[in-house]
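A.B. asks: A predicted structure for the sequence below; I have some questions about it.
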Amino acid sequence: MQTLEDSDTQLILVQQNLRSLPQELVKQHAEHVELLDLSHNCLRDLSWLGEFEQLRHLVLDNNRLHEAQLRTLTQSLPQLEVLMLNKNEFSDLPSTMRLIRRLFPNLQYLSLHGNPICPDGLELQPFSGYLRYDYAYYSNYIAQSLSKLKFLDHGLVQRTYQYESFPISSYGKQLIKTTSF
């Protein structure tokens with residue numbers, strides 16, 4: 001079911017079993033939509049997203065997305081401020097951050113809860129003993145990757161300039177040997 005609100009500035013297509021956004025909807029809404037919610041679909045192709053030049057808020061929760069789907073988007077969206085990618089399948093933190101930095105350079109709010117790269121306790125119960133340190137590493141890495149980010153997941157971005165890291169390759173993190181920024 002398609003929902004349009006606020007003078008057509010919001011397009012909400014939740015649980016539509018979409019693999020891509022149909023071209024007729026792109027043509028009809030790309031020029032004026034500021035908020036796009038495509039949660040709970042099966043998106044595989046995001047190449048059409050670059051046509052949404054007014055888009056400021058994008059919600060892609062629960063789409064089983066991973067880095068390959070972000071690579072289908074070839075045009076950056078510098079106007080995008082809010083990106084919700086909760087409960088997807090992003091598993092490589094450095095790769096995901098490179099893609100997000102390139103595609104969404106002015107991002108201010110990012111949420112990645114429920115992805116393998118996010119040690120938030122939603123998916124990583126065996127690692128709960130290391131949770132505090134892992135989340136500090138994760139959030140600092142993202143804060144350093146996205147300089148304009150103000151909010152990450154559930155809170156304000158805290159930027160620290162010195163941290164140590166250790167490899168947690170069993171769930172997608174790679175060792176990054178950096179001692180200061």
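C.D. replies: Received, thanks.

A.B. asks: find the centremost residue of the protein, please.
C.D. replies: Leu85 (4.1 Å; C-alpha atoms, centre = their mean).

A.B. asks: doesn't Leu60 make contact with that one?
C.D. replies: Yes: with contact defined as C-beta atoms under 8 Å, Leu85 counts as touching Leu60 (5.6 Å). Glycine gets a C-beta too; all of them are placed from N, C-alpha and C.

A.B. asks: how about low-confidence regions in this protein?
C.D. replies: For the chain, the stretches with pLDDT under 70 are 1-7, 121-133, 161-181.

A.B. asks: OK, contacts around the residue nearest to the centre of the chain?
C.D. replies: When contacts are counted by C-beta atoms under 8 Å, 6 or more residues apart in numbering, Leu85 touches Leu60, Asp61, Leu65, Leu110, Ser111, Leu112, Asn115.

A.B. asks: same question, Tyr109
C.D. replies: With C-beta under 8 Å, 6+ apart, Tyr109 has these contacts: Glu81, Val82, Leu83, Leu149, Lys150, Phe151, Leu152.

A.B. asks: what sits opposite it in the beta ladder?
C.D. replies: Val82, Phe151 (DSSP bridges).

A.B. asks: ok, now how distant is it from Thr9?
C.D. replies: Note on Tyr109: its distance to Thr9, by C-beta to C-beta, to the nearest Å, is 18 Å.

A.B. asks: next: Gly50.
C.D. replies: 18 Å.

A.B. asks: quick revisit: just name the closest of the contacts of Tyr109 to Asn41, please.
C.D. replies: Proximity of the contacts of Tyr109 to Asn41 (C-beta to C-beta) peaks at Leu83, which lies at 15.9 Å.

A.B. asks: just checking, the closest one touches Ile100?
C.D. replies: Yes: Leu83 lies in contact with Ile100 (C-beta under 8 Å); the separation is 7.2 Å.

A.B. asks: so what sits against both of the two?
C.D. replies: Leu107, Leu110.

A.B. asks: may I have the top helix by length along the chain as PDB, with CA atoms only?
C.D. replies: Secondary structure of the chain per DSSP state H: the longest helix is helix 131-145. Taking C-alpha atoms only, helix 131-145 is exported to PDB below (Å, rounded to 0.1, in the frame of the first residue of the first chain):
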ATOM      1  CA  LEU A 131      30.000  -5.200  24.200                       C
ATOM      2  CA  ARG A 132      31.000  -1.900  25.800                       C
ATOM      3  CA  TYR A 133      34.500  -1.900  24.300                       C
ATOM      4  CA  ASP A 134      33.200  -3.200  20.900                       C
ATOM      5  CA  TYR A 135      30.500  -0.500  20.700                       C
ATOM      6  CA  ALA A 136      33.100   2.200  21.600                       C
ATOM      7  CA  TYR A 137      35.400   1.000  18.800                       C
ATOM      8  CA  TYR A 138      32.500   0.800  16.400                       C
ATOM      9  CA  SER A 139      31.100   4.200  17.200                       C
ATOM     10  CA  ASN A 140      34.500   5.900  17.200                       C
ATOM     11  CA  TYR A 141      35.400   4.300  13.800                       C
ATOM     12  CA  ILE A 142      32.100   5.600  12.300                       C
ATOM     13  CA  ALA A 143      32.500   9.100  13.900                       C
ATOM     14  CA  GLN A 144      36.000   9.400  12.400                       C
ATOM     15  CA  SER A 145      34.700   8.100   9.000                       C
END
